[in-house]
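Trainee: Structure for this input, please:
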Amino acid sequence: MDPVENRRRTTTAFGAYEPPKWQSGARSLCQFHRRTQMPCQIHNDILRFSLLSGAMIKLRSIADDDPILEHSRLLRAMELAFDYAQSEGGIGLTQTKAFNRKFAQWIADHSPWPEYSTEELMRLNKVLNEWDVPPAMVVHDLLIVGKFGRHSKGKFQVSKKAQGLRSKRGAFFAQIAETYLCAYNHSRNSRSEFAAPGNWDIFLNIINVEAEQGLTEAHLVKTLYGVERREDVFDREYLDHSGFLFSHVLRPLSWIGFLEKTSHGNRISDCTYWKTPLWHACLALDTDDMVDAPQRH
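Mentor: Numbers count the residues shown, from 1 in each chain. Modelled structure (predicted):
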């Protein structure tokens with residue numbers, strides 16, 4: 001039997017799973033947005049659908065002064081945006097309703113992510129637009145999807161209700177986490193429109209067990225879909241599944257602060273993911289009684 005066909009019939013977390021055939025010519029929404037500089041009032045319609053919607057995540061409450069909230073870089077980025085909007089009377093917009101270069105440069109200067117700092121981003125760009133700074137684009141999307149404010153007279157204005165929520169850090173984090181994980185369309189930040197089966201209930205419970213001793217992308221792909229990478233060929237099947245899990249699961253969980261990663265090389269796939277204290281504090285999962293105490297040295 002062809003080893004590829006044999007691999008397709010592997011029993012996985014989804015039973016006898018057969019990956020869908022890849023179709024050429026797919027263009028990610030993020031690429032489309034970057035090429036057309038799509039106005040936010042238009043791409044807002046795209047954000048209404050999430051591949052992982054339908055399985056809401058219930059989070060335990062976190063106290064406003066709990067230091068474990070520092071694990072969430074996305075929370076910090078949203079707080080920075082709120083502070084900027086308050087001090088500047090709003091966040092300036094371009095004619096296409098994207099955040100202007102002044103804010104894109106500012107958020108890069110204060111980026112909670114070292115890989116998205118001004119120094120790193122300017123290696124590839126002469127100037128920084130919103131679509132050149134991933135945190136700026138995600139923050140803008142979340143402000144819209146989470147209904148934290150609106151576009152008005154050339155600026156994004158944060159609502160008084162949202163400003164009040166920002167002062168309650170635990171509740172603010174919960175709102176951001178639920179919006180980002182369950183309502184945001186992560187396909188915008190993906191290189192492919194390929195979608196593998198699964199939902200947050202499945203992903204979180206499996207990661208809860210597998211990440212106790214450190215979880216790699218390859219191990220998660222094999223556990224969920226029975227797909228292993230073949231090093232001697234261009235393995236579209238593996239790359240589709242690993243790309244989907246990175247864009248829709250691993251990166252979102254890392255950005256929100258539930259996972260942290262250690263790198264063992266230059267490739268994204270070389271990372272090992274670990275659960276953070278924020279994961280343990282926020283999530284109550286069916287597999288909690290199956291996990292072992294992690295042995296990290």
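
Trainee: how about low-confidence regions in this structure?
Mentor: 1-56, 265-269, 292-297 (pLDDT under 70).

Trainee: Could you identify the longest helix within it?
Mentor: The residue-count maximum for a helix in the chain (DSSP state H) belongs to helix 73-88.

Trainee: I'd like the next helix or strand past that one.
Mentor: Scanning forward in sequence from helix 73-88 by DSSP states H and E, the next helix or strand is strand 91-92.

Trainee: elements contacting that following strand?
Mentor: Where contact means 3 or more C-beta pairs under 8 Å, 6 or more residues apart in numbering; DSSP states H and E, strand 91-92 is packed against helix 73-88, helix 101-109, strand 155-158. (Glycine included, C-beta is placed from N, CA and C.)

Trainee: What segments of the stretch 51-200 of the chain are helices?
Mentor: 73-88, 101-109, 118-121, 134-145, 160-166, 169-182, 200-210 (DSSP state H, counting those that start in this stretch).

Trainee: Name the residue closest to the centre of this structure, please.
Mentor: The geometric centre of the chain, computed from its C-alpha atoms, lies nearest to Pro252 (C-alpha atoms, centre = their mean), at 2.4 Å.

Trainee: Do I have it right that that residue meets Tyr180?
Mentor: Yes: Pro252 is within contact range of Tyr180, at 6.3 Å (criterion: C-beta atoms under 8 Å).

Trainee: Show me how the chain divides into domains.
Mentor: 3-23+193-290, 29-188 (automatic domain parsing).

Trainee: Arg60: neighbour count?
Mentor: Arg60 has 11 neighbours, counted by other C-beta atoms under 10 Å.

Trainee: That one: what's it in contact with?
Mentor: Applying C-beta atoms under 8 Å, 6 or more residues apart in numbering, we find Arg60 in contact with Ala281, Cys282, Leu283, Ala284.

Trainee: same thing but 10 Å
Mentor: Neighbour list for Arg60: Gly170, Ala174, His280, Ala281, Cys282, Leu283, Ala284 [criterion: C-beta atoms under 10 Å, 6 or more residues apart in numbering].

Trainee: can you check Glu210 too?
Mentor: Thr216, His219, Leu220, Thr223, Leu224, Tyr273, Lys275, Thr287, Val291.

Trainee: Which ones among the residues you listed lie within helices?
Mentor: Using DSSP H, the members of the contacts of Glu210 that fall in helices are His219, Leu220, Thr223, Leu224.

Trainee: Buried only: go through those residues for me.
Mentor: For these, a neighbour count by 16 or more other C-beta atoms under 10 Å gives the buried set as Leu220, Thr223, Leu224.

Trainee: For the first one, give its distance to Ala98.
Mentor: Put plainly, it is Leu220. Distance of Leu220 to Ala98, computed by C-beta to C-beta, to the nearest Å: 34 Å.

Trainee: same deal with the last one?
Mentor: When distances are taken as C-beta to C-beta, Leu224 and Ala98 turn out to be 35 Å apart.

Trainee: Please look at Ser152 and Lys97 and confirm they touch.
Mentor: No: here Ser152 lies out of contact with Lys97, judged by C-beta atoms under 10 Å, at a distance of 11.2 Å.

Trainee: More neighbours: those two, which one.
Mentor: Lys97 (20 against 10).

Trainee: For that one, give me the backbone phi and psi.
Mentor: Here is the backbone geometry of Lys97 (degrees, to the nearest 10): phi 70, psi 20.
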